[in-house]
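>>> Here's my sequence, what's the structure:
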Amino acid sequence: MAPPTRKQSPLIPRQVWLGLLALLLIAGSVALVAFSFTIVKLDKDIRTRFAGVRWALPAQVYAAPLELYAGQRITGGALRHELERLGYRSTENLDGPGTFSLSKSAADIYIRAFHFWDGPRPESRISVKLSEDGVSDVLDLDTKEPRDIVRMDPMLIGSIYPQQGEDRVLVKLDEVPKLLRDGLLAVEDRSFYDHFGVSIKGVLRALFVNLRAGHTVQGASTITQQLVRNFFLTLERSWTRKINEVLMSVLLERHYPKDEILEAYINEIYLGQDGNRAIHGFGLASYFYFNKPLGELRDHEIALLVGVVKGASFYNPRRNPKRAKERRDLVLHVFRDEGLISDAEMESAIARPLSLAGNGKGGVERYPAFVDLVKRQLRGQYAESDLTDEGLRIFTTLEPRAQEELERSIGQGLATLEKSRKLPAGTLESAGVVTSVD
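Predicted structure coming up:
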């Protein structure tokens, strides 16, 4: 008896295979067309928005500048207070703009350059001679000639920013300290000048470095991806957003040079929050955290700002000083490992405190009530968009030294007056008029 034979499955007809292949080709064609339309749309969005006006530039509101001249009544202590209020740093020798050296008889000051309403004022070095009556003379340290009057750079007391709350101080790439530029690339995107917007090597390197360190040291996203995420997209966590981020990063690099992308990133990145005001870019962050221009930052201050990039809220140095210092010191180690600073410079920077300006809760002194008055007056003369988008500089009559003294004396006087008249605290209001007889 012959063994039973296995029944073979009938072969799929050739027509069915051809039908499936046709469906795949149609689906592929539809997907390719949809992808092409997506690329065209994203490319147009990038070229339209990135090539035009990229940022709304808030109007900056300044106090009246301190003027130094022979005969002015100001003590050495009051002058020190004014210089520190402006973010000037006390040094033994004047080693750059924004520094001063004070003794009982004189104050040597390296004044910053500033563009006033009547034209630019270059940086200069002066010596202010002091006596019991105040300023006895003002000399130019370079020419040794007397100066009739010297205007200090005015104090920035506020901004008029858009409703979305973004505030920034724009800087050009050649104004950025070399350590900040190189250090930012070392921490955030070492292959920035080599990749095409997305770095596969960077992803693998970041994975290796983070595993070796035991915690996150480097991110996998390129600077171009971070810029696209901040400038064009939302923070939504989805595959669609991530795919758009990758595509737009490649397209952005196709249209614009690396230095232009890096400069945009330096001005766009979110670095902190001051109430309803969002701090964007290193230019404003330098003032917000240290009350001085970007070019005057020291190694440990630069490292802190670079560290904050990883998470402005998580590494907020005012709310989380210990966490922020640990991050700053880690960044300083990266700087050293990349040869940007020496071992001695790293140890010296690590030994320094965070050195934040202000009262520990926010930025430096601001005068919201006065700035609000300025806004109300200007809105009768300018369009809202002019005040929030055009980068106007507004110089006011507010004298911080007089305002400070007035608030101190009125505060003490009102409390005494209310007590003597048996009134509840806070019943009386006050106002002051400041005049000059000079």
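
>>> How about residue 336, nearest residue that isn't a chain neighbour?
Spatial nearest neighbour of residue 336, excluding adjacent residues (CB to CB, 6 or more residues apart in numbering): residue 346 at 4.3 Å. All C-beta atoms are positioned from the backbone trio N, CA, C, and that covers glycine.

>>> what comes into contact with stretch 299-307?
For stretch 299-307, contacts defined as CB atoms under 8 Å, 6 or more residues apart in numbering pick out 177, 179-180, 183-184, 187-188, 271, 282, 285-286, 289-290, 297, 315, 317, 324, 327-332, 335, 341, 345-346, 348-350, 352, 354-355.

>>> returning to what we had before: can you pull the buried residues of the helix or strand where the residue nearest to residue 336 lies?
Secondary structure assignment for residue 346, by DSSP states H and E: helix 343-350. Judged by neighbour count using 16 or more other CB atoms under 10 Å, the buried positions of helix 343-350 are 345-346, 349-350.

>>> Among those, which one lies nearest to residue 232?
Residue 232 lies nearest to residue 349 out of those, by CB to CB, at 35.3 Å.

>>> show me the contacts for that closest one.
The contact partners of residue 349, taken as CB under 8 Å, 6+ apart, are 298-300, 303, 332, 341.

>>> how about a cut-off of 6 Å?
299-300, 332 (CB atoms under 6 Å, 6 or more residues apart in numbering).

>>> Out of the contacts of stretch 299-307, which end up buried?
The neighbour count (16+ other CB under 10 Å) marks 177, 179-180, 183-184, 187-188, 271, 282, 285-286, 289-290, 297, 315, 317, 324, 327-332, 335, 341, 345-346, 349-350, 352, 354 as buried among the contacts of stretch 299-307.

>>> can you tell me which of these are in strands?
Residues of the buried ones among the contacts of stretch 299-307 located in strands (DSSP state E): residue 271.

>>> Tell me which of the buried ones among the contacts of stretch 299-307 fall in helices.
Among the buried ones among the contacts of stretch 299-307, the members falling in helices (DSSP state H) are 179-180, 183-184, 187-188, 282, 285-286, 289-290, 324, 327-332, 335, 345-346, 349-350.

>>> Now do the helix holding residue 346, average pLDDT.
Mean per-residue pLDDT for helix 343-350: 95.

>>> Over to stretch 259-272?
92.

>>> Could I have the CA atoms of that stretch written out in CSV?
Coordinates of each C-alpha in stretch 259-272 appear next as CSV, following Å, rounded to 0.1, in the frame of the first residue of the first chain:
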residue,chain,number,x,y,z
ASP,A,259,27.8,80.8,12.3
GLU,A,260,24.4,82.3,11.5
ILE,A,261,22.6,79.3,13.1
LEU,A,262,24.9,79.5,16.2
GLU,A,263,24.3,83.2,16.6
ALA,A,264,20.5,82.7,16.4
TYR,A,265,20.8,79.9,19.0
ILE,A,266,22.7,82.2,21.4
ASN,A,267,20.0,84.8,21.1
GLU,A,268,17.0,82.4,21.3
ILE,A,269,17.7,79.8,23.9
TYR,A,270,15.5,80.1,27.1
LEU,A,271,17.6,80.7,30.2
GLY,A,272,15.3,81.7,33.0
